[in-house]
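K.L.:
let me see the structure of the following:
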Amino acid sequence: MFGQVNISLLSFASYSREQLVMITDRLKPQLLRADDCLIKEGQICKSFYFVNSGAFRHYAIDDNGEEATLNLYIPGDWMFEYKSFLTQQPSQHILQATADSEVLGLHVQDFHELAKVADIFFRLGRIFEQAIQNQDFQHNRLTPEQKYELLLAAKPEVLQHFPLKHIASYLCMTPETLSRVRKKISS
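P.N.:
All right, here's what the predicted structure looks like:
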């Protein structure tokens, strides 16, 4: 169960076997069915999560009821509702399973306890960087073609896990534009 998460943790720091066990002993597995919400709007995010299997969409609903995909997570990714987690205030966004999934959650209190044990556990903070780095598509001025090519280069597995409408929303384009871009790039 912890093979994939151990590989991820070792990318943040050179943890000893004992230190890895200290972390994994605190991870709480949680199974979700497709369409279950891990974090709902109005709920406080108290953990960060490793996607062991399945897929998740992080999204917001605007005043008109339109959904905007903020991030897409697949196995091997870390995720959390950033603003809610840091401020411990109710979330304005949703983290939803798009397939039957398993996550391993590390509660904020467990993170603080680990940090008290040894400085090396502060390296777990890199999880935050990994969990939010995927939002580059919303905050740049790349063309639709460049965004799609960046996605293909960085995380092509996303295409296997999500419908095109969610990928288009994530890339900040319409599904029609994404279809044109895909057709243009594949020819």
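K.L.:
all the helices of this structure, residue numbers only.
P.N.:
With DSSP state H as the criterion, the chain has helices at 3-10, 17-24, 82-87, 108-117, 126-133, 144-154, 158-161, 164-170, 175-186.
K.L.:
show me what Tyr73 is bridged to.
P.N.:
Counting by DSSP bridges, Tyr73 forms beta bridges with Phe56.
K.L.:
touching, it and Val51? I think so.
P.N.:
Yes: contact status for Tyr73 versus Val51: in contact at 5.1 Å, counting by C-beta atoms under 8 Å. In this view, the C-beta of every residue, glycine as well, is placed from N, C-alpha and C.
K.L.:
which one's more surrounded, these two?
P.N.:
Tyr73 (29 against 23; other C-beta atoms under 10 Å).
K.L.:
need the overlap of contacts for Tyr73 and Val51.
P.N.:
Met79 (C-beta atoms under 8 Å, 6 or more residues apart in numbering).
K.L.:
pull stretch 101-121 out as CSV, backbone CA atoms only.
P.N.:
The C-alpha coordinates for stretch 101-121 follow below in CSV (Å, rounded to 0.1, in the frame of the first residue of the first chain):
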residue,chain,number,x,y,z
SER,A,101,-10.2,6.1,-5.6
GLU,A,102,-8.0,5.6,-2.6
VAL,A,103,-6.2,8.4,-0.9
LEU,A,104,-3.8,8.4,2.0
GLY,A,105,-4.3,11.4,4.2
LEU,A,106,-1.8,13.2,6.5
HIS,A,107,-3.6,15.4,9.1
VAL,A,108,-2.1,18.8,9.8
GLN,A,109,-1.7,17.8,13.4
ASP,A,110,0.4,14.8,12.4
PHE,A,111,2.5,17.0,10.1
HIS,A,112,3.2,19.3,13.1
GLU,A,113,4.1,16.4,15.4
LEU,A,114,6.6,15.1,12.8
ALA,A,115,8.1,18.5,12.4
LYS,A,116,8.8,18.6,16.2
VAL,A,117,10.7,15.2,16.0
ALA,A,118,13.3,16.2,13.4
ASP,A,119,14.0,19.1,11.0
ILE,A,120,14.0,16.7,8.0
PHE,A,121,10.2,16.4,8.3
